[in-house]
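> Sequence and predicted structure below; questions after.
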Amino acid sequence: MDSQSHQINSFFKKARSCSIRRFTHYDSNDALSAPHREVSISLIIYAFIFVLFVKSWRRIVYVAFSDWVLLSLCLLAVLSFTWSAHPSSTLSELKFLIRGTIFGIYLAMRYSPRDLLRLLAWTAGISMILSILMALFVPEFGLHNYDGTLVWKGIFTHKQGLGAYMGLAASIFIAHFTDPQSNRWLAGLGLSTACLLIVMSDSKTGLSLLVLTLVLIPLYRAFKQQGGVRTFLLLTALVLLIGITLAVVLNFNTIVVDYLGKDPELTGRVPLWVLAIGKGMEQPILGFGYNGFWSSDTSDIVIFHSWAVRDPFFKDRSILFHAHNGLIDQFLQFGFVGLGLFFLSLFTFLFRVIKLTLLNRSIQDFWGFLFIAIFLFNNATEGKIILYQDYLWIIYVTWAYSTALRSQSLGSKNKSWLAQDPNQMILQSSRQSHC
């Protein structure tokens, strides 16, 4: 690897090390040390992003315009401080969005899909090892007392965080196991460990993501077939997916109550969604601005009529509440305009993934399809995922821009661009534009 690759790998190691030190040396009685650590970590990250941007700003700007829909969505978030219900909170959170988005663009232009998937596997592997060590040797931080049951949360703040991440990790290792060029022993070990951590976290979200991946991975064989056989298999898969959806809808109460062990209103989420949507209809066009709804008094009626009122941290906004649905949170922040831009971005992203998978028939391209399914599933049950300082958003930006760059190259007469390094592809495109 070149020096930039070493910088990336070094950054992940330092970031993970900082996270562990933060968990293991936290003192709840020290009101000053925690903010100081937060500032120190933020300064390191900002310095790293600044160096990347200064060294590659021309290419970053070029790549940013390769997906104008996603860029428009990000610009909408930046401009939303002008109509935000809480402008100071919007401006404060925007810096996290900007740095995460720039980092995602950099990864897209610097690494090929195979390298990106390998980088995700290494990150997942490190997280799994650290989570196991945390649960075994630092149980006061690695374990979670949930409704009287002791479950694992590892290096995450909640058992659902560990479970959801392991569900994503399982899809990554399944993709590597399917790839004949990958080390299947390591992929199998990673998959087994991810499954073990899903069980130890007792996370229904993680289990659901694992099942979702196992249901969708056979579609990869359909993408690899030729002509009529491929069409037949795709239509068959579509019929099966529609059938599964109908079965879930028709047996919703049985699945939720008997299998997932929750009430039919999803532990109070349905009333919360109704209240949130009703409040959002007061400003349906542009919403309340990025991070503006839950940080302002506008959300009082929702908070005080949901389970959040029982938590003093949510009640006084020490910790911001959310709708437990990413799409509803998107609507609250940016109205129908932001929701429409997101769906347009999602559908263009999905179209590019399908086109590239049909062309290249690689598991790396097909994993983009798996990720979109996982991303949508997480957005259906959790909030603050779209345009948020979250690993899912960074992956979304990275993969969306990666597919945008390679899709652009398909229009070129020189088909060998597909096999080139993204940096070379961008440089060649820039030279042609100047001719």
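Sure, I can see it. Note that the structure is predicted; figures quoted are calculated from it, not measured. Numbers count the residues shown, from 1 in each chain.
> Checking my notes, residue 402 in a helix, right?
Yes: read with DSSP: H, G, I helix; E, B strand; the rest coil, residue 402 is one of the residues of a helix.
> My read is that it contacts residue 105, right?
No: contact criterion C-beta atoms under 8 Å: residue 402 and residue 105 do not qualify, at 9.7 Å. Just so you know, the C-beta spots here come from the backbone N, C-alpha and C atoms, and that holds for glycine as well.
> Rounded mean pLDDT for the host helix or strand of residue 175, please.
Residue 175 belongs to helix 159-178 when assigned by DSSP states H and E. If you average the pLDDT over helix 159-178, you get 93.
> other SSEs contacting it?
Under the contact criterion of 3 or more C-beta pairs under 8 Å, 6 or more residues apart in numbering; DSSP states H and E, helix 159-178 touches helix 113-137, strand 149-152, helix 184-201, helix 204-216, helix 363-381.
> outside of the third one, which residues touch it?
Meaning helix 184-201. 121, 124-125, 128, 131-132, 135, 151-154, 159-160, 162-163, 166-167, 169-170, 172-174, 176-177, 179, 206-207, 210 (C-beta atoms under 8 Å, 6 or more residues apart in numbering).
> just so I have it, where are all the strands in the protein?
143-146, 149-152 (DSSP state E).
> could these be laid out in JSON lines, adding mean neighbour count?
Formatted as JSON lines, the strands of the chain follow (neighbours: other C-beta atoms under 10 Å):
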{"stretch": "strand 143-146", "mean neighbour count": "16"}
{"stretch": "strand 149-152", "mean neighbour count": "16"}
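> May I see those organised as CSV, with distance to residue 326 and mean pLDDT added?
Output for those, formatted as CSV (distance: least, C-beta to C-beta, whole Å; pLDDT from 0 to 100):
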stretch, distance to residue 326, mean pLDDT
strand 143-146, 23, 82
strand 149-152, 24, 88
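> Using JSON lines, please lay out these together with distance to residue 90.
As requested, the strands of the chain are exported to JSON lines (distance: least, C-beta to C-beta, whole Å):
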{"stretch": "strand 143-146", "distance to residue 90": "32"}
{"stretch": "strand 149-152", "distance to residue 90": "35"}
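> Figure out which of those strands is closest to residue 358.
Nearest to residue 358 among the strands of the chain is strand 149-152; the distance by C-beta to C-beta comes to 40.0 Å.
> Direction included, what does that closest one pair against?
Paired strands of strand 149-152, with direction, are strand 143-146 (antiparallel) (DSSP bridges).
> so the helix holding residue 175 versus helix 204-216, what angle?
20 degrees (axes from the mean of the first three to the mean of the last three C-alpha atoms, to 10 degrees).
> Output helix 159-178 as CSV, restricted to C-alpha atoms.
Provided in CSV are the C-alpha atoms of helix 159-178 (Å, rounded to 0.1, in the frame of the first residue of the first chain):
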residue,chain,number,x,y,z
LYS,A,159,-27.2,-4.1,23.1
GLN,A,160,-29.1,-3.1,19.9
GLY,A,161,-26.1,-1.2,18.7
LEU,A,162,-24.0,-4.4,19.0
GLY,A,163,-26.7,-6.5,17.4
ALA,A,164,-27.3,-4.2,14.5
TYR,A,165,-23.6,-3.8,13.8
MET,A,166,-23.1,-7.6,13.9
GLY,A,167,-26.0,-8.0,11.5
LEU,A,168,-24.2,-5.8,9.0
ALA,A,169,-20.9,-7.6,9.8
ALA,A,170,-22.6,-10.9,9.0
SER,A,171,-23.5,-9.6,5.5
ILE,A,172,-19.9,-8.5,4.9
PHE,A,173,-18.4,-11.9,5.9
ILE,A,174,-21.1,-13.8,3.9
ALA,A,175,-20.0,-11.7,0.9
HIS,A,176,-16.4,-12.6,1.5
PHE,A,177,-17.3,-16.3,2.0
THR,A,178,-19.0,-16.2,-1.4
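> how far out from the middle of the chain is that helix?
12 Å (C-alpha atoms, centre = their mean, to the nearest Å).
> Same question for stretch 100-107.
The answer for stretch 100-107 is 13 Å, by C-alpha atoms, centre = their mean.
> tell me the mean pLDDT for that stretch?
On average, stretch 100-107 scores 92.
> and if you look at stretch 84-97?
Here the average pLDDT along stretch 84-97 is 90.
> which residues touch it?
Against stretch 84-97 from outside (C-beta under 8 Å, 6+ apart): 74, 77-78, 80-81, 288-293, 295-296, 298, 387-389.
> Just give me the longest helix of the protein.
Criterion DSSP state H: the longest helix present in the chain is helix 326-360.
> Give me the most central residue, this structure.
residue 392 (1.0 Å; C-alpha atoms, centre = their mean).
> if we can go back for a sec, turn the buried ones among the contacts of stretch 84-97 into a named ChimeraX selection, would you?
Restricted to buried positions by 16 or more other C-beta atoms under 10 Å, the ChimeraX selection for the contacts of stretch 84-97 reads:
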select :74,77,80,81,288,289,290,291,292,293,295,296,298,387,388
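> mind listing which of the contacts of stretch 84-97 are in helices?
Using DSSP H, the contacts of stretch 84-97 in helices are 74, 77, 78.
> and of those residues, the nearest to residue 349?
residue 74 (14.0 Å).
> Please enumerate the helices of the stretch 1-150 of the chain.
3-24, 33-64, 68-79, 87-110, 113-137, 139-142 (DSSP state H, counting those that start in this stretch).
> Surely residue 109 is in contact with residue 64?
No: contact between residue 109 and residue 64 fails when scored by C-beta under 8 Å: they sit 9.6 Å apart.
> hey, what's in contact with both of those two?
residue 401.
> Point out where this structure drops to low pLDDT.
By pLDDT under 70, the weakly predicted segments of the chain are 1-42, 226-268, 383-385, 389, 411-435.
> rewinding a little: out of the helices of the stretch 1-150 of the chain, the one nearest residue 381 is which?
Once the helices of the stretch 1-150 of the chain are compared by C-beta to C-beta, helix 113-137 is nearest, at 20.6 Å.
> Spit out the contact partners of residue 105.
60, 63, 64, 397, 398, 401.
> wait, the fifth one sits on residue 116?
Right, residue 398. Yes: with contact defined as C-beta under 8 Å, residue 398 counts as touching residue 116 (6.4 Å).
> Between the two, which contacts overlap?
Contacts common to residue 398 and residue 116, judged by C-beta under 8 Å, 6+ apart, are 107, 108.
> Compare these two (neighbour count), which wins?
Taking neighbours as other C-beta atoms under 10 Å, residue 398 and residue 116 compare with residue 398 leading, 25 against 20.
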